[in-house]
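**Q** Provide a 3D model corresponding to the input given below.
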Amino acid sequence: MSVDTDPTAPAPTTGPIRDRLNAWLLGAAEREMHRNYGRRKRELFADLPPELIEIGPGAGANFRYYRLGTRVIGFEPNRALHDRLRRAAERHGIQLDLRGHGAESLDLPDASADAVVATLVLCTVPDPRKVLAEVHRVLRPGGRLLFIEHVAAPAGTALRAIQRIVRRPWRWISEGCCVDRDTAAALAEARFGSLHVERFGLTTPLLPVVPHIAGEAVR
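**A** Numbering: from 1, shown residues only. This is a model prediction of the structure:
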């Protein structure tokens, strides 16, 4: 099973206008994201360690769910989000070590982290397999990747057809977000010792992003 249903699609270009637009959209959507994911995040993040890695933290929507004083090493390539991230960290009592590049290359030692958080980001990275390989590398044995991601609908369904129709304009507008990416397959193909995946759907008029997965992968 392929991770991307359209591997020939051109990589999206980024620019200051689109970066700022996406930064604004992420900030504006935080309340809706809390409504949609809040309960699940509280459960998933209940026993996080005092230091963790977050890839693609966006506008800091997860910070409210971390314990006061948590140190977060955040990898966020959209620099238009950095001021928002710093303000969110200050508001929620998070110690933020912000890195301005993507997760394809995590400048951290092997087996140095107990937890990595990825929410609504593996749909966007250009090479999810490479990112997951880096996550595996930096996790200690027994370390966990905690994730929530929207994913491809089942093959042959009307919803999958809708995803295929909108994927190119959606990808262009949303900094490379691939609405029909099979992230569950990418996780299954990675070299984690155990993997727990729960499938769920959102109640939202945005049909392409209704199907979701959440869970943890343990090194």
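**Q** helix, strand or coil for the residue lying farthest from the centre of the chain?
**A** Residue farthest from the centre of the chain, counting by Cα atoms, centre = their mean, is residue 156 at 25.8 Å. Using DSSP: H, G, I helix; E, B strand; the rest coil, the secondary structure recorded for residue 156 is coil.
**Q** That one and residue 164, how far apart?
**A** Look at residue 156 and residue 164: by Cβ to Cβ, to the nearest Å, they are 11 Å apart. Heads up, the C-betas are built off the backbone N, CA and C, glycines and all.
**Q** which strand is the longest one in the chain?
**A** Of all the segments of type strand in the chain, defined by DSSP state E, the longest one is strand 139-150.
**Q** hmm, who's touching it?
**A** 37, 40-41, 44-45, 48, 111-123, 132, 135, 179, 183, 187, 192, 202, 209-219 (Cβ atoms under 8 Å, 6 or more residues apart in numbering).
**Q** Inside helices: which ones of those residues?
**A** Of those, the ones assigned to helices by DSSP state H are 37, 40-41, 44, 132, 135, 183, 187.
**Q** From those, pick the one nearest residue 54.
**A** Distance ranking of the ones in helices among the contacts of strand 139-150 against residue 54, using Cβ to Cβ, places residue 135 first at 11.1 Å.
**Q** can you pull the contacts of the closest one?
**A** Residues near residue 135 by Cβ under 8 Å, 6+ apart: 53, 55, 103, 106, 116, 118, 145, 190.
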